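Chemist: Curious how this folds, go ahead:
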Amino acid sequence: MTPGQFVQETSSAGEWKRQGNRFTGRITRDSSSAPGEGPDDQGRWPVEPGRYRLVVSLACPWAHRSVIVRRLLGLEDAISLAIVDPIRDERGWRFTLDADDTDPVLGIKFLSEAYLRTDPSYDGRVTVPAIVDTNTGDVVTNDYPQITLDLSTEWTDFHKPGAPQLIPPDRAEMDVLIDEIYRDVNNGVYRCGFATSQEAYDEAYDALFARLDVLEERLQDREYLLGDTLREVDIRLFTTLVRFDAVYHGHFKCNRQKLTEFPNLWAYARRLYQRPGFGETVDFDQIKRHYYVTHHNINPTGIVPKGPDPRVWIS
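Modeler: Modelled structure (predicted):
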């Protein structure tokens, strides 16, 4: 069996097993810490505008969620944004898009420096998004599912007027959808792409397209996944769909059909893309260069495809 792209996250059966999130602190309104202090005894950091820095890659779908939610809620002035280079080397995500290859706020060249400052024994994969405390340089959280939920629920005092309510009052139906979409679609494309056995790939591929078929039918009579209102689950699906034809269809062998060949999913994805906060946060150049250049086991030549034409999203 050929070694996987990330050996530590590949099972003996060739299945991709995503690592857990090492830093799971939360920034909450009910933290008992005073402004400027660290987390309280329950790991809750105080909500404090201007204090925290959201580190993202525009190539990464998990980080892209937080970029969209931050934009939709109007939190740009409350939480600053750092963007890493889409080309990641053996040292991980790097700040080579900034002057002197250094983040101007955190003063570091690699996100791994913040990880190791927070936990010197950390030996896992350095991931984005991550929220870093600018006072100490410590990583507060890299818990990407919780980050976007907390932007909606804990930073309400700093939301812009008319900000969308991305979390419905009753979360039960949305949470079921989130779990299904994460398992079969968001993470499912990676389980296809990083599989190192035929059996693992076939299982992930079948689950992926079975779920896409269900979502295609669901969107037959509604604008969004939960009806006529944009919710967090739509953002989580969008960041995978917008990368599907450019990356996952070919690079990850998710090739039963393209997104453009699902009438309802394609119309839904284009509606989202054309909404404020969505399309302007998509960088197809960074997306393609990240996947095709850094996944050496999958694409050893490093050649980046020219297509597809991004104009199909707005035509």
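Chemist: Which positions in stretch 264-276 come out as buried?
Modeler: 265-266, 268-273, 275 (16 or more other Cβ atoms under 10 Å). (Each C-beta comes from the backbone N, C-alpha and C, glycine too.)
Chemist: now swap in stretch 187-200 and tell me
Modeler: Those would be 187-197, 200, for stretch 187-200 by 16+ other Cβ under 10 Å.
Chemist: Which of the buried residues of stretch 264-276 fall within helices?
Modeler: 265-266, 268-273 (DSSP state H).
Chemist: for the residues you listed, which one is nearest residue 167?
Modeler: Nearest to residue 167 among those is residue 272, at 17.5 Å by Cβ to Cβ.
Chemist: quick one: the closest one and residue 282, what's the gap?
Modeler: Using Cβ to Cβ, to the nearest Å, one gets 10 Å for the distance from residue 272 to residue 282.
Chemist: Next: residue 237.
Modeler: 14 Å.
Chemist: what's the burial count for the nearest residue to residue 287 once chain neighbours are set aside?
Modeler: Spatial nearest neighbour of residue 287, excluding adjacent residues (Cβ to Cβ, 6 or more residues apart in numbering): residue 59 at 4.8 Å. Neighbour count of residue 59, defined by other Cβ atoms under 10 Å: 27.
Chemist: Just name the closest of the buried residues of stretch 264-276 to residue 22, please.
Modeler: residue 272 (30.9 Å).
Chemist: Verify the contact between that closest one and residue 240 for me.
Modeler: No - counting by Cβ atoms under 8 Å, residue 272 does not reach residue 240; the two are 11.8 Å apart.
Chemist: Got the confidence number for residue 53?
Modeler: pLDDT, residue 53: 98.
Chemist: And the strands in the protein, which stretches?
Modeler: 26-28, 44-46, 52-56, 80-83, 130-133, 139-141 (DSSP state E).
Chemist: Please write out the alpha-carbon positions of the longest one in PDB.
Modeler: Right, the one you point to is strand 52-56. What follows is strand 52-56, C-alpha atoms only, in PDB (Å, rounded to 0.1, in the frame of the first residue of the first chain):
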ATOM      1  CA  TYR A  52      -7.400  38.300  18.800                       C
ATOM      2  CA  ARG A  53      -6.000  37.500  15.400                       C
ATOM      3  CA  LEU A  54      -7.700  35.000  13.100                       C
ATOM      4  CA  VAL A  55      -5.100  33.200  11.000                       C
ATOM      5  CA  VAL A  56      -6.400  31.600   7.800                       C
END
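Chemist: Could you list the residues in contact with it?
Modeler: Under the contact criterion Cβ atoms under 8 Å, 6 or more residues apart in numbering, strand 52-56 has outside partners 27, 45, 63-64, 66-67, 70, 79-84, 93, 103, 105-106, 111, 114, 128-134, 140, 147.
Chemist: Got a ChimeraX select line for the buried ones in these?
Modeler: To isolate the buried members of these in ChimeraX, using 16+ other Cβ under 10 Å:
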select :27,45,63,64,66,67,70,79,80,81,82,83,84,93,103,106,111,114,128,129,130,131,132,133,140,147
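Chemist: related to what we said a few turns ago, could you dump the buried residues of stretch 264-276 to JSON lines with pLDDT?
Modeler: As requested, the buried residues of stretch 264-276 are exported to JSON lines (pLDDT from 0 to 100):
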{"residue": "265", "pLDDT": "99"}
{"residue": "266", "pLDDT": "98"}
{"residue": "268", "pLDDT": "98"}
{"residue": "269", "pLDDT": "98"}
{"residue": "270", "pLDDT": "98"}
{"residue": "271", "pLDDT": "98"}
{"residue": "272", "pLDDT": "98"}
{"residue": "273", "pLDDT": "98"}
{"residue": "275", "pLDDT": "98"}
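Chemist: which one among those gets closest to residue 36?
Modeler: For the buried residues of stretch 264-276, the nearest to residue 36 is residue 275 (37.0 Å; Cβ to Cβ).
Chemist: need the contact list for the residue lying farthest from the centre of the chain.
Modeler: Most distant from the centre of the chain: residue 34, at 30.4 Å, with distances by Cα atoms, centre = their mean. For residue 34, the contacting residues are residue 46, by Cβ under 8 Å, 6+ apart.
Chemist: Residue 300: which of the buried residues of stretch 264-276 is nearest?
Modeler: Nearest to residue 300 among these, with distances taken as Cβ to Cβ, is residue 269, at 30.6 Å.
Chemist: okay, the buried residues of stretch 187-200 in CSV with pLDDT and distance to residue 229 next?
Modeler: Below are the buried residues of stretch 187-200 laid out as CSV (pLDDT from 0 to 100; distance: Cβ to Cβ, whole Å):
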residue, pLDDT, distance to residue 229
187, 97, 25
188, 98, 26
189, 98, 26
190, 98, 29
191, 97, 30
192, 98, 31
193, 97, 32
194, 96, 34
195, 97, 36
196, 95, 41
197, 96, 42
200, 97, 37
